[in-house]
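Visitor: Here is my input; please provide its structure:
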Amino acid sequence: MSQIDPGTSSWLRLRNDREALRLFLEHGALTRSRLGELSGMSKPTATQMIARLERAELLHPVGEVAGSRGPSAVSWGVRDDQVTGVAVNMLDDGIQAVLVDALGAEHPTVEVPTHGEHRSPERDVGRAIQAACTASRVDRRTVETVVVGLQAAVSGDADTLSLTDSLPGWPSSGSRARIETGLGVSAMLENDVNLATMAERSFGVAQEAGSFALLWIGVGLGIGIDLDGVIHRGAHGGAGEIGYLTVSAGPGEPGAVTTSLLGSAFVSELAGAPRYPAGLAALADDDGALRTIAERISVTIEPVLAVLDPQLVVLGGPTSLAGGGRLAELVAARTRSDERPMPEVRLSSTGDSAVLAGARSRVVEQIRTRLEDRIPTQ
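Guide: The predicted model follows:
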């Protein structure tokens, strides 16, 4: 976008139009009068802003509001068919995807199988985009951006991936570039646990926390680190990859990688569940199993507590959700100390789609930025 000198009529008009668009995105459909009230602008100015945004194909009339006196007033809303995006979660055995529009409306989540498929970044993400568009009956050509959650350490600036055990066909460098070039979309690759942590900060149990750590217990383990609302990724995107840490499961026991102590293989055997996570429903009623898991969690997060000293620890992922609030209570009891203040331990409230929810919120942000950039400068 070309630069406009601050204080000029063009600059003021652009600033007002951007503010108007934000108000429509925040409040939904608005009449000219209501836009004037929210923006502090006169009705004539509000009318001009609406007219400019309509010419830019950002707004359209969506209905009428009956007034106490006089004719009904037209209400206007943001067009959700101009720019869309897709949120993607790459799982061990498939891909989850959901279409995202500027209004953050609900769209169906699709499951894309990967077994027996040829794998590559552009093919995996391309199939996910197409499936999401088909499920929502949206033109694929409107998709301009995608956010992909990966079970890997992601260095976004360098476009490199590491610890990619669950991503066959994905190279260690250049995956984002291949997606963008091959599919014609803007792509953001992010660690899946970091996305779940963003969701917990935005609308989960950590909204008020100064800092917190989200321990994700699933097929593998990971920790998302939020420091005053900022995700700590480390120099190469590897911060929080606690599943590769070696610890002792108890006094006198040999060291083991934490994934062996708490990963899906151990939890499934402990719960007598043939399939993970589908067979974990009975875990919440097995207090002995929960105590064993809680003991191993306390050993696993001890280094995190010592180094980061977070205000809150959030338990997320399939195992934590199956264990429920009782598991959080047991972990809190295990980590309690008379020697130093300890963090509160709480169960995640973002559900089993936390990764996708985090990706979805990032897509909404990107779509809205793109819509703002479409406001004409003249």
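Visitor: With just CA atoms, put the helix or strand harbouring Ala333 into CSV.
Guide: If you go by DSSP states H and E, Ala333 is part of helix 318-335. Presented in CSV, the C-alpha positions along helix 318-335 are these (Å, rounded to 0.1, in the frame of the first residue of the first chain):
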residue,chain,number,x,y,z
PRO,A,318,-6.4,-36.0,24.8
THR,A,319,-4.9,-37.6,28.0
SER,A,320,-5.5,-34.6,30.1
LEU,A,321,-9.0,-34.1,28.8
ALA,A,322,-9.8,-37.8,29.6
GLY,A,323,-8.4,-37.4,33.1
GLY,A,324,-10.5,-34.3,33.7
GLY,A,325,-10.5,-32.1,36.7
ARG,A,326,-9.4,-34.9,39.0
LEU,A,327,-6.1,-35.2,37.2
ALA,A,328,-5.5,-31.5,37.6
GLU,A,329,-6.1,-31.8,41.3
LEU,A,330,-3.7,-34.7,41.6
VAL,A,331,-1.0,-32.9,39.7
ALA,A,332,-1.4,-29.8,41.9
ALA,A,333,-1.0,-31.9,45.0
ARG,A,334,2.1,-33.6,43.6
THR,A,335,3.8,-30.3,42.7
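Visitor: I'd like to check what contacts it. Which residues are they?
Guide: 215-218, 262, 264, 267, 271, 276-277, 280-281, 283-284, 287, 290-291, 293-295, 297-298, 301-302, 305, 313, 315, 342-348, 351-352 (CB atoms under 8 Å, 6 or more residues apart in numbering). Yep, even glycine has a C-beta here, placed from its N, CA and C like the rest.
Visitor: Which pLDDT value belongs to the most centrally placed residue in the chain?
Guide: Nearest to the mean C-alpha position of the chain, by CA atoms, centre = their mean, lies Gly358 at 1.0 Å. In this model, Gly358 is scored at 97, pLDDT.
Visitor: What helix or strand is Thr47 located in?
Guide: Going by DSSP H and E, Thr47 is part of helix 43-55.
Visitor: what does that helix rub up against?
Guide: Counting by CB under 8 Å, 6+ apart, 13, 16-17, 20-21, 24, 32-33, 35-36, 39, 41, 59-60, 76, 375-376 sit against helix 43-55.
Visitor: Please apply the same query to stretch 190-198.
Guide: Taking CB under 8 Å, 6+ apart as the criterion, the residues outside stretch 190-198 that touch it are 89-90, 147-154, 156, 206, 212, 214, 216, 222-226, 231, 233, 237, 240, 316-317, 348, 350, 354-359, 361-362.
Visitor: hmm, try it at 6 Å
Guide: Applying CB atoms under 6 Å, 6 or more residues apart in numbering, the set of residues contacting stretch 190-198 from outside is 149, 151, 154, 214, 216, 222, 224, 226, 231, 316, 354-355, 358-359.
Visitor: What is the nearest of these to Thr114?
Guide: Gln151 (12.8 Å; CB to CB).
Visitor: who's Val100 bridged to?
Guide: Residues in a beta bridge with Val100, per DSSP bridges, are Gly85.
Visitor: and the next element down the chain from the helix holding Ala333?
Guide: Towards the C-terminus, the helix or strand next in line after helix 318-335, according to DSSP H and E, is strand 344-347.
Visitor: Following that next one in sequence, what is the next regular element?
Guide: The helix or strand immediately downstream of strand 344-347 is helix 354-373, counting by DSSP H and E.
Visitor: now the angle between helix 318-335 and that following helix, please.
Guide: In terms of direction (axes from the mean of the first three to the mean of the last three CA atoms, to 10 degrees), helix 354-373 departs from helix 318-335 by 110 degrees.
Visitor: How about the helix holding Thr47, which residues are buried there?
Guide: Buried positions in helix 43-55, judged by neighbour count with 16 or more other CB atoms under 10 Å: Thr45, Ala46, Gln48, Met49, Ile50, Arg52, Leu53.
Visitor: so how far is the helix or strand following it off the chain centroid?
Guide: The first helix or strand that comes after helix 43-55 along the chain, using DSSP H and E, is strand 59-65. Strand 59-65 has its average C-alpha position 31 Å from the chain's average C-alpha position, going by CA atoms, centre = their mean, to the nearest Å.
Visitor: Repeat that for stretch 153-171.
Guide: When distances are taken as CA atoms, centre = their mean, stretch 153-171 is centred 18 Å away from the chain's centroid.
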